[in-house]
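Q: Got a predicted structure plus its sequence, pasted below:
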2 protein chains.
Amino acid sequence: MRMFTLALAQMAGINTEDTREAVVGRMLAMFEKAAAGGADLVVFPELTLTTFFPRTYREDVSTADEYYETAMPNPAVQPLFDFAKEHEVGFSFGYAELTEDGHRFNTQILVDKTGEIVGKYRKIHLPGHLEHIPDAPYQHLEKSYFEVGDLGFGVFDFHGVEVGMLICNDRRWPEAYRTLALQDVDVIVIGFNTPDQSPGGDEQPHLAMFHHLLSCQAGAYQSSAWVGTVAKCGYEDGHHMIGGTAIIAPTGEIVSRVFDEKDSVILSDIDLTLGDFYKNGTFRYEIHRRPETYGLLTERTGRGEPLPVEF
Amino acid sequence: MRMFTLALAQMAGINTEDTREAVVGRMLAMFEKAAAGGADLVVFPELTLTTFFPRTYREDVSTADEYYETAMPNPAVQPLFDFAKEHEVGFSFGYAELTEDGHRFNTQILVDKTGEIVGKYRKIHLPGHLEHIPDAPYQHLEKSYFEVGDLGFGVFDFHGVEVGMLICNDRRWPEAYRTLALQDVDVIVIGFNTPDQSPGGDEQPHLAMFHHLLSCQAGAYQSSAWVGTVAKCGYEDGHHMIGGTAIIAPTGEIVSRVFDEKDSVILSDIDLTLGDFYKNGTFRYEIHRRPETYGLLTERTGRGEPLPVEF
């Protein structure tokens, strides 16, 4: 057994008028609970510090600069770093990043128990559309507000535990999990903001939760890794999100789950060796995978004609 | 709407003493039911014609030649081909193939409504072990009895519908579904034989069914394709299998499911355009996939060290 205590801090909506200081205060309250429970790592959702601003159209993205962090840490979030160091608990959270040279990313960081940033991920699978759709109930303009992440799918050492990060829509893409699993990830943490209605309103609402859990559970099982997936939930600027924060074992089974729609911490003592049964059996990649047959995965981006098969 | 009637013919165990003729008789009985129900395509399980012989160890694999088909069609299965042509219903089934030049494959064919073989797949993800494990309750020696399939993951035209085939363990590998989806597959058919106990008996039995459905449902959703997954079930030579035959929509939802453990046909009228909502949205691969970040999928076979990330 290799025990690790994973905490997920689900957050109710962050409205446009909420200050960074107010948000960080709510985060600290959950951080304290998790620390008191013995957490090694506490994970907060995607774009924790602000509303999910890509749901609003702007002709000029630079008018949204107030939503981006230009330095990390910065004074508003410094109390989180101080808390981590003082109490020796790591944390991870998502935020909008604006780099010195003007690039915008949907970013998540991993901070260790000394308060040092030891991992960073910039979201690769940006969902949604590029154009303004005026008659939609909301926009989904991440491709306008962010560039595709340029750091790949990293796996980072967190006090001897290998941690990978994915953000929201990444969790629907098996390529993302597999790339982490091929680096022998122990724990995959995922922050997300998922509305319970598709932008056109033309999908049955129950499917949003089903697809979230299906993707994360299959990702855990097929990676033989633990998954911690943490939501913003409830209403945010009038838009309702699904919630669905969960800790998922390498069996694909949910071991802890939040059902409410408020700031909530869950915490599980997880055995990092639980995936070994699969890593050494069904998913012993080195003897079972056949990369020579996977060429299309990187040769094609979109769907195309069937390849000829001679038999 | 593009309607298609998919039938799955689950089969109870085929014991060692059962003749090909007896098996084909059972298949024909289900074929007739499916044809009467208006099926376009009827799918039978993996290794339909014989017991799942890789569960028994042999020092010399060639002593198992009786289980392999050296020609397809052949007199024993000819009635299936005749029935297809006469009733204008296609079919697909799995069998052990021994080629003229001595290669052994775990194979599935797709036969169209004129009785012609229009597609062939040879299983790529062979599970199990190579060595004999004398104290295991059964063996899992597919890697000994078969070579890795050499035809890739093909997608075949079946009267205007694009059909792909996977066999058993393939269904746990997202690479397999994705390779079919990148060829714009409409329907993925999967035959399988899955015991309800892991070879060492050291996994909770409920997980076999859970992992089967989880993998197939995630595969359907992430491919935006229909999946028909069909089992051998009940006892075969004293070994119990999970069953779990199901038709799964591109939403990932099960629309028809067999719960018994005998020869059983299910049949659904499916709308092949149901996946378009996802193909044009969440899974619009051509704008969302990022193959430049997926290099490890083909560069590595097994797990390795994390790649360095500079941030």
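A: Yes, it's here.

Q: quick one: the residue lying farthest from the centre of chain A from chain B, how far?
A: The C-alpha centroid of chain A is most remote from A:Phe311, which lies 43.8 Å away (Cα atoms, centre = their mean). According to Cβ to the nearest Cβ, to the nearest Å, A:Phe311 stands 4 Å off from chain B. C-beta coordinates here come from the backbone N, C-alpha and C atoms, glycine included.

Q: With A:Gly228 instead?
A: For A:Gly228 relative to chain B (Cβ to the nearest Cβ), the value is 18 Å.

Q: Ok, A:Arg289 next?
A: Counting by Cβ to the nearest Cβ, the gap from A:Arg289 to chain B is 5 Å.

Q: And for A:Cys233?
A: 20 Å.

Q: dump the residue contacts of that residue.
A: Taking Cβ atoms under 8 Å, 6 or more residues apart in numbering or on different chains as the criterion, A:Cys233 is in contact with A:10-13, A:241-245, A:258, A:260-262.

Q: That one: which element?
A: When elements are defined using DSSP states H and E, A:Cys233 is found to belong to strand A:226-236.

Q: is it true that A:Gly38 touches A:Thr5?
A: Yes: in terms of Cβ atoms under 8 Å, A:Gly38 counts as a neighbour of A:Thr5; the distance is 5.1 Å.

Q: Looking at the two, which is more packed in?
A: Shown here are A:Gly38 and A:Thr5; by other Cβ atoms under 10 Å in any protein chain shown, A:Thr5 has more neighbours (16 against 11).

Q: picking up where we left off before, measure how far the strand holding A:Cys233 is from the centre of its chain, please.
A: Distance, stretch centre to chain centre, for strand A:226-236: 9 Å (Cα atoms, centre = their mean, to the nearest Å).

Q: moving C-terminal of it, what's the next helix or strand?
A: strand A:239-242.

Q: Run the contact check for that following strand versus chain B.
A: No: judged by Cβ under 8 Å from any Cβ of the partner chain, strand A:239-242 makes no contact with chain B; its nearest approach is 14.3 Å.

Q: Any idea how many residues pack against the closest residue to chain B within the stretch 1-150 of chain A?
A: Among the residues of the stretch 1-150 of chain A, A:Lys120 lies closest to chain B, at 4.0 Å counting by Cβ to the nearest Cβ. By other Cβ under 10 Å, 20 other residues sit near A:Lys120.

Q: what's the next secondary structure element after whichever strand or helix holds A:Glu162?
A: Here A:Glu162, judged by DSSP H and E, is contained in strand A:161-167. Going down the chain from strand A:161-167, the next helix or strand is helix A:174-181, by DSSP H and E.

Q: how about the next helix or strand after that next one, does it reach chain B?
A: Counting by DSSP H and E, the next helix or strand C-terminal to helix A:174-181 is strand A:187-193. No: on the criterion Cβ under 8 Å from any Cβ, strand A:187-193 is out of touch with chain B, staying 12.9 Å away.

Q: returning to what we had before: so for the strand holding A:Cys233, what gets flagged as buried?
A: Using 16 or more other Cβ atoms under 10 Å in any protein chain shown as the test for burial, strand A:226-236 gives A:Trp226, A:Val227, A:Gly228, A:Thr229, A:Val230, A:Ala231, A:Lys232, A:Cys233, A:Gly234, A:Glu236.

Q: Confirm for me that the third one is in contact with A:Ile190.
A: Same thing as A:Gly228. Yes: A:Gly228 is in contact with A:Ile190 according to Cβ under 8 Å; the separation is 7.0 Å.

Q: Quick check on the contacts of A:Cys233: which are buried?
A: Buried by 16+ other Cβ under 10 Å: A:Gln10, A:Met11, A:Ala12, A:Gly13, A:Met241, A:Ile242, A:Gly243, A:Gly244, A:Thr245, A:Val258, A:Glu261, out of these.

Q: can you list those in JSON lines and add pLDDT, distance to B:Asp202 and secondary structure?
A: Formatted as JSON lines, those follow (pLDDT from 0 to 100; distance: Cβ to Cβ, whole Å; DSSP: H, G, I helix; E, B strand; the rest coil):
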{"residue": "A:Gln10", "pLDDT": "98", "distance to B:Asp202": "35", "secondary structure": "strand"}
{"residue": "A:Met11", "pLDDT": "98", "distance to B:Asp202": "40", "secondary structure": "strand"}
{"residue": "A:Ala12", "pLDDT": "98", "distance to B:Asp202": "42", "secondary structure": "strand"}
{"residue": "A:Gly13", "pLDDT": "97", "distance to B:Asp202": "45", "secondary structure": "coil"}
{"residue": "A:Met241", "pLDDT": "96", "distance to B:Asp202": "40", "secondary structure": "strand"}
{"residue": "A:Ile242", "pLDDT": "96", "distance to B:Asp202": "36", "secondary structure": "strand"}
{"residue": "A:Gly243", "pLDDT": "97", "distance to B:Asp202": "35", "secondary structure": "coil"}
{"residue": "A:Gly244", "pLDDT": "97", "distance to B:Asp202": "31", "secondary structure": "coil"}
{"residue": "A:Thr245", "pLDDT": "98", "distance to B:Asp202": "31", "secondary structure": "coil"}
{"residue": "A:Val258", "pLDDT": "97", "distance to B:Asp202": "32", "secondary structure": "coil"}
{"residue": "A:Glu261", "pLDDT": "95", "distance to B:Asp202": "40", "secondary structure": "coil"}
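
Q: ok, and for whichever strand or helix holds A:Leu80, which residues are buried?
A: Here A:Leu80, judged by DSSP H and E, is contained in helix A:78-87. By 16+ other Cβ under 10 Å, the buried positions in helix A:78-87 come out as A:Pro79, A:Leu80, A:Phe81, A:Phe83, A:Ala84.
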